[in-house]
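Engineer: model this:
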Amino acid sequence: MMYVTDIVTQLRNLMPAVGLGFVLGIFYLVIRIFRSVLSDNKAVVFVADVIFCVVCTLSSFLLFVAVNNGHIRFYLIVAQILGFCVFSFTFGELIFGCFLNLFAFFKKILSPIFVPFKLLGRKIDAIKKKLSEKTENFKNKFKKLLKQRSQVLYNNVD
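Structural biologist: Predicted coordinates for the structure are as follows:
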């Protein structure tokens, strides 16, 4: 059983790890774009983070099994982090910035189309509010009142 790997094997194992880090950077960019589109909903952020962590863990495990017979080596983890950082801080920032500008452009162009739908939504909310107030008033008219506290035997404190 060999515990020390030679330098040739380490270098051969290094490139798939860097490539996996690069691919995980692309996957994170896709998740980041979805998170930016769906605003700051905490549930969306939590689910996206959990999905990303599960994918990273599973892909790293499969890489270790395929490349290094299941042996976890620190240099492979560092190589994955390096590949992720190289993508995220270069291409990832560029692509994300372009996406944000494109998204803002389309939002500006398409916002007049959605104005009637927003007004309709406000009208529906106003109608719902009026109906709920009327039903509350109706319920309160027929509600049976409870006895006064002083008239109930088990609440008498002398």
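Engineer: How much space separates P16 from I124?
Structural biologist: For P16, the distance to I124 (Cβ to Cβ, to the nearest Å) stands at 55 Å. Placement of C-beta: from N, CA and C, glycine included.
Engineer: higher neighbour count, those two?
Structural biologist: P16 (17 against 10; other Cβ atoms under 10 Å).
Engineer: pLDDT below threshold where in the protein?
Structural biologist: Residues of the chain that meet the criterion pLDDT under 70 lie in 1-4, 137-158.
Engineer: all helices for it, in order.
Structural biologist: Taking DSSP state H as the test, the helices found in the chain are 7-37, 42-68, 74-87, 93-141.
Engineer: Could you identify which of the ones you listed is most buried?
Structural biologist: helix 74-87 (a mean of 17; mean count of other Cβ atoms under 10 Å).
Engineer: report the angle between the axes of that helix and helix 42-68?
Structural biologist: 130 degrees (axes from the mean of the first three to the mean of the last three Cα atoms, to 10 degrees).
Engineer: Just the residues contacting helix 74-87, thanks.
Structural biologist: Helix 74-87 is contacted from outside by 10, 13-14, 17-26, 28-29, 60, 63-64, 67-68, using Cβ atoms under 8 Å, 6 or more residues apart in numbering.
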